[in-house]
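Participant: following is a predicted model, sequence given first.
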Amino acid sequence: MANQSNAPDAQQLAERYRELSDDGLSMLVTDAGDLTPLALEVLNRELSNRGMETVQPGFQEDYVEAVRPVILERFMNLHEALLARGQLESSGIASWLADDNMVRMDWFISNLLGGVKLVVRPEDEAAAREVLGQPIPENFDVEGADPEDDGIRDEGNKG
């Protein structure tokens, strides 16, 4: 039940939901995981008033659990986390770092935070682990590059 501080918000939501067609309310039900608890409560009241099936109480928690991101790996050093993230991104796997800004401000805090966390969506976890598990090659074949060229230029002694 909505408390007194949420009463104006609940009233506005109730008015909006009353204006919606049955199809509009059904669309809200499909996105019920995105609603606040107050909005879900008001939606259920309107559904009940119209004789429509209400959203089950545990729906929102189940939805949140289903999309919880996965911490793939933890790094004590920011540069290692950035390299791993770059490896995933170059493979087309979306990822992000957690606590990286805290470590940027004070690297010593990394131990306290449990390191910089490399995070992916649950559906990308297996592919991401496979990409990160690949060995790093000793040599890289780059088209058009001379394998004997080490990239160091000797300009000779001038003087």
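Facilitator: Perfect, I can see it now.
Participant: going forward, measure contacts between C-alpha atoms and count neighbours the same way
Facilitator: Fine.
Participant: which stretches of the protein form strands?
Facilitator: 70-75, 95-98, 116-120 (DSSP state E).
Participant: return the most buried member of the ones you listed.
Facilitator: Highest mean neighbour count of those: strand 116-120, a mean of 23 (counted as mean count of other C-alpha atoms under 10 Å).
Participant: what's in contact with that strand?
Facilitator: 69-78, 81, 84-85, 94-100, 103, 110, 128 (C-alpha atoms under 8 Å, 6 or more residues apart in numbering).
Participant: ok, stretch 123-133 next?
Facilitator: V70, L72, A84, Q87, L88, S91, I93, A94, V120.
Participant: residue contacts, the second one?
Facilitator: The reference is to L72. Applying C-alpha under 8 Å, 6+ apart, we find L72 in contact with K117, L118, V119, V120, E125, A128, R129.
Participant: distance of the first one relative to W96?
Facilitator: Using C-alpha to C-alpha, to the nearest Å, one gets 8 Å for the distance from K117 to W96.
Participant: hey, what's in contact with both of the two?
Facilitator: In terms of C-alpha under 8 Å, 6+ apart, K117 and W96 are not both contacted by any residue.
Participant: run a quick neighbour tally on H79.
Facilitator: For H79, the neighbour count with other C-alpha atoms under 10 Å is 12.
Participant: which residues of the chain score low on pLDDT?
Facilitator: Residue ranges of the chain with pLDDT under 70: 1-6, 56-67, 147, 149-159.
Participant: quick one: the helices in it?
Facilitator: 7-19, 22-30, 37-49, 59-66, 78-90, 100-105, 110-113, 125-133 (DSSP state H).
Participant: would you map out the domains in this protein?
Facilitator: 4-65, 70-133 (automatic domain parsing).
Participant: pick the most deeply packed of the ones you listed.
Facilitator: Note that of the domains of the chain, domain 70-133 is the most buried (mean count of other C-alpha under 10 Å), with a mean of 16.
Participant: great, nothing more from me.
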